[in-house]
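Colleague: coordinates for the following, if possible.
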Amino acid sequence: MKKKNLAILLVLVMLLSTLTGCGGGGEEETGDAEPFKVGAIYPLSGANALLGTQCLAAVKIAVDIVNANGGVQGRPVELVEADAPDPTAATTEAGRLVDQQGVQVIFGSLASGNSLAIAGVTEKSGVTLVESGGIADAITDSGFKNVFRILDKGSLRGAAGADYVVSALAPMLNIDAKELKVAIIHEESAYGTSVADGAVAKLEELGVNVVIRESYNSTITDMSAMVLKLQDAKPDVLLSVNYINDAILLVDTLKQYDAMPKVMMGCGAGTTDPNFAKTIGADSDGIFCTDMPTNLPLEYFTDEDMNQVVSEFRERFKTEFPDLNNVSVAAEAAFAGSYTFLNNILPNAKTLDAAGIREAALSTKLDMTTLGFGWDLGDDGQNYAASANINQWQGGKVVTVAPERVKNGDVINVPLPIAAQ
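Modeller: Numbering: from 1, shown residues only. You can find the predicted model right below:
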């Protein structure tokens, strides 16, 4: 009888050892735990493929760093990617990731139109969308419960650009704000319209004269008629909201007709894209590109762990894209959104379903993310700790000129050397 009991005890010990061995022996081991599946939807083909590819690479780096530190709640993160060059593809691919791949979180999406298309799918399916590219107001103004944006919203960015024009640039031009003439040109989607609306509202509040406002489809191939209207209006400042191809076309056409204003204030994706300065060349020097913070000095990140993460991200990104002088701002945002959510938000979730993730996203407060601002969501899913910086192209690089606490250079070329005489 004693021998029988001893045999049973040995079997139980061996079984227990096997089970505990499968569970891993440390915080950084995920063992055979079920993967936590996330998706990434970016334009990997079409006009925005270059930035989309950079954004996807940034998300992959975030996933690698998180997995090296133990994954999400002990589960390895598995990334499934999707190509969405337009909103129609974004809808289709979001459905595929949710229904066929079983992802629980989607990171995206560079363009506001794509973001709204994805949100329509994820909201119905109880899947979370973390937006780190689209800034249209509608993304967080539409009542979605499972959409969270790390960036500032479009109207606030437009207002920031307009405010800087009046408070800082008008004095440099020796023009009183009441006499300043501002023109606004923007692409016509929710993205461009949101930014332009915010700029107009701020300019009207400050009593500034908006002499012309024109919108266009981003597929435009001839801006001659619009630039001729600008030439007649003779603005001191042009505030523009563009994607990359139309931003380059606008500047080329302004130069062709000798209609360049004294100041060009870009607010968003097109004028911040590395290809903008690369294509325009030295004439880009002095053009403003108001956008989210970008390539902040490493010493700005005083927390040692965050400093190390930002440094690792930049080194790995530059290894993959050696031709870039700096990490693109779109890629920085994609990394910040995915890393913050995987590393800081999901570990606080009591459950990893939509309700648990939403509770964690809204209740978590951070003083700093890798973008240089914090994380503090409203009930609408908008990060109200986010802010836009005033940046300017100088020598082929984006230099931050305001606010004071993060600036790494001073304003140059006001008025622009290529401004119409």
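
Colleague: skip the chain neighbours and tell me the closest residue to Ala259.
Modeller: Closest residue to Ala259 apart from its sequence neighbours, by Cβ to Cβ, 6 or more residues apart in numbering: Gln231 at 4.2 Å. All C-beta spots, glycine's among them, are computed from the backbone N, C-alpha and C.

Colleague: list the buried residues in stretch 59-79.
Modeller: For stretch 59-79, the neighbour count (16 or more other Cβ atoms under 10 Å) marks 59-63, 65-67, 70-72, 74-79 as buried.

Colleague: ditto for stretch 90-108
Modeller: Per 16+ other Cβ under 10 Å, stretch 90-108 contains these buried residues: 90-91, 93-98, 103-108.

Colleague: likewise stretch 167-182?
Modeller: Within stretch 167-182, the residues scored as buried using 16+ other Cβ under 10 Å are Leu169, Ala170, Leu173, Leu180, Lys181, Val182.

Colleague: residues touching the nearest residue to the first one once chain neighbours are set aside, list them.
Modeller: What it means is Leu169. Residue nearest to Leu169 in three dimensions, not counting chain neighbours: Val263, with 5.5 Å by Cβ to Cβ, 6+ apart. Contact partners of Val263, counting by Cβ atoms under 8 Å, 6 or more residues apart in numbering, are Val165, Leu169, Leu173, Asp236, Val237, Leu238, Phe288, Val414, Pro415, Leu416.

Colleague: from Asp236, how far off is Val263?
Modeller: As judged by Cβ to Cβ, to the nearest Å, Val263 and Asp236 stand 7 Å apart.

Colleague: which residues do the two both contact?
Modeller: Common neighbours of Val263 and Asp236, counting by Cβ under 8 Å, 6+ apart, are Leu173.

Colleague: circling back to that earlier point, among the buried residues of stretch 59-79, which are in helices?
Modeller: Judged by DSSP state H, helices contain the following of the buried residues of stretch 59-79: Val59, Lys60, Ile61, Ala62, Val63, Ile65, Val66, Asn67.

Colleague: out of these, which comes closest to Thr302?
Modeller: Compare each of those with Thr302 using Cβ to Cβ and the shortest gap goes to Ile65, at 19.6 Å.

Colleague: isn't the closest one up against Glu312?
Modeller: Yes. Counting by Cβ atoms under 8 Å, Glu312 is a contact partner of Ile65 at 6.6 Å.

Colleague: of all the buried residues of stretch 167-182, which two lie farthest apart?
Modeller: Taking Cβ to Cβ, no two of these sit farther apart than Leu169 and Lys181, at 12.6 Å.

Colleague: so what sits against both of the two?
Modeller: Listed contacts common to Leu169 and Lys181 are Val237; contacts here mean Cβ under 8 Å, 6+ apart.

Colleague: is it true that Asp380 touches Thr140?
Modeller: Yes. Here Asp380 reaches Thr140: they are 4.7 Å apart, a contact under Cβ under 8 Å.

Colleague: between these two, which is the more surrounded one?
Modeller: Each of Asp380 and Thr140 has its neighbours counted (other Cβ atoms under 10 Å); Thr140 has more, 26 against 17.

Colleague: angles on the backbone of that one, please.
Modeller: Backbone torsions of Thr140, given as degrees, to the nearest 10, read phi -110, psi 0.

Colleague: give me the nearest residue to it, chain neighbours excluded.
Modeller: With Cβ to Cβ, 6+ apart as the measure, Gln382 is the residue that lies nearest to Thr140, at 4.0 Å, once sequence neighbours are left out.

Colleague: contacting residues for the one you found?
Modeller: Going by Cβ under 8 Å, 6+ apart, Gln382 touches Thr140, Arg149, Lys153.

Colleague: beta partners of it?
Modeller: Counting by DSSP bridges, Gln382 forms beta bridges with Arg149.

Colleague: check the one 10 residues further on too.
Modeller: On DSSP bridges, the residues paired with Gln392 through beta bridges are Phe288, Val399.

Colleague: show me what secondary structure element comes after the lowest-mean-pLDDT helix or strand in the chain.
Modeller: Least confident helix or strand of the chain, by mean pLDDT, DSSP states H and E, is helix 2-22 with a mean of 41. Using DSSP states H and E, the helix or strand that follows helix 2-22 in sequence is strand 36-42.

Colleague: which residues are contacting whatever helix or strand the residue nearest to Ala259 lives in?
Modeller: According to DSSP H and E, Gln231 maps onto helix 224-233. The contact list for helix 224-233 (Cβ under 8 Å, 6+ apart) reads 181, 183, 185, 211-212, 214, 216, 238, 250, 253-254, 256-257, 259, 261, 420.

Colleague: 10 Å instead, please
Modeller: Contact partners of helix 224-233, identified using Cβ atoms under 10 Å, 6 or more residues apart in numbering, comprise 181-183, 185, 210-212, 214-216, 220, 223, 238, 249-250, 252-261, 420.

Colleague: give the pairing partners of the next helix or strand after that helix; include direction for each.
Modeller: Toward the C-terminus, helix 224-233 is succeeded by strand 237-241 as the next helix or strand (DSSP H and E). Strand 237-241 sits in its sheet next to strand 181-187 (parallel), strand 263-267 (parallel), going by DSSP bridges.

Colleague: just name the most buried of these.
Modeller: Greatest average neighbour count among the strands paired with strand 237-241 goes to strand 263-267 (a mean of 27), per mean count of other Cβ atoms under 10 Å.

Colleague: how about that strand as PDB, C-alpha atoms only?
Modeller: Only the C-alpha atoms of strand 263-267 are listed here, as PDB (Å, rounded to 0.1, in the frame of the first residue of the first chain):
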ATOM      1  CA  VAL A 263       5.000  83.000 -45.100                       C
ATOM      2  CA  MET A 264       3.800  79.500 -45.900                       C
ATOM      3  CA  MET A 265       2.400  77.700 -42.800                       C
ATOM      4  CA  GLY A 266       1.700  74.000 -43.600                       C
ATOM      5  CA  CYS A 267      -0.400  72.200 -41.000                       C
END
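
Colleague: from the chain's centroid, how far away is that strand?
Modeller: Offset of strand 263-267 from its chain centre (Cα atoms, centre = their mean, to the nearest Å): 19 Å.

Colleague: could you identify the helix or strand that succeeds it?
Modeller: From strand 263-267, the next helix or strand downstream (DSSP H and E) is helix 269-272.

Colleague: buried sites along that next one?
Modeller: Neighbour-count burial for helix 269-272 flags Ala269, Gly270, Thr271, Thr272 (criterion: 16+ other Cβ under 10 Å).
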